[in-house]
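Visitor: Below are the sequence and a predicted model for it; my questions follow.
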Amino acid sequence: MCYITLFVPSSSIAEIYRQHWQIELFFKWIKQNLKIKSLPGTTKNAVMTQIRVDLILYLLLSYIKFINKCRYGITELANRLRDTLMLDFALLEVLNLNRTL
């Protein structure tokens, strides 16, 4: 058996670990904020599309929340919009509705 030993500087290993940790934190954020329960497909394209769509939704809801100084969290705002999506309400009405829909 032939073993090949490569010398890798400790600074390189530390940088790889730092990048790995950033990826882990990103996925933790995705799980906590985007609420992706399941993915429609298993291909790279399907997964990336789902993540992009959920990020766009999150950013739009954050923008609506910021502009309207909405007191609800992102999840509550998303629930209100989902519940009233097919009803004839203006956005400002949805933000001011009581939760009893």
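Guide: Sure, I can see it.

Visitor: Got phi/psi on the residue sitting nearest the centre point of the chain?
Guide: Geometric centre of the chain, nearest residue: Leu34, 3.3 Å, by Cα atoms, centre = their mean. Geometry field for Leu34 lists phi and psi as phi -90, psi -20, criterion degrees, to the nearest 10.

Visitor: what sits against it?
Guide: Contacts for Leu34 (Cβ atoms under 8 Å, 6 or more residues apart in numbering) come out as 51, 54-55, 58. (Each C-beta comes from the backbone N, C-alpha and C, glycine too.)

Visitor: do that again at 10 Å, thanks
Guide: Residues near Leu34 by Cβ atoms under 10 Å, 6 or more residues apart in numbering: 50-51, 53-55, 57-58, 74.

Visitor: What is the most widely separated pair among those?
Guide: Spanning the widest gap among the contacts of Leu34 are Gln50 and Ile74, at 17.5 Å by Cβ to Cβ.

Visitor: picking that back up, which of the contacts of Leu34 fall within helices?
Guide: Cross-referencing these against helices under DSSP state H gives 50-51, 53-55, 57-58, 74.

Visitor: Now render those as JSON lines, adding neighbour count and pLDDT.
Guide: JSON lines is the format used below for the ones in helices among the contacts of Leu34 (neighbours: other Cβ atoms under 10 Å; pLDDT from 0 to 100):
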{"residue": "Gln50", "neighbour count": "16", "pLDDT": "87"}
{"residue": "Ile51", "neighbour count": "14", "pLDDT": "86"}
{"residue": "Val53", "neighbour count": "12", "pLDDT": "89"}
{"residue": "Asp54", "neighbour count": "15", "pLDDT": "88"}
{"residue": "Leu55", "neighbour count": "13", "pLDDT": "90"}
{"residue": "Leu57", "neighbour count": "15", "pLDDT": "88"}
{"residue": "Tyr58", "neighbour count": "16", "pLDDT": "90"}
{"residue": "Ile74", "neighbour count": "17", "pLDDT": "86"}
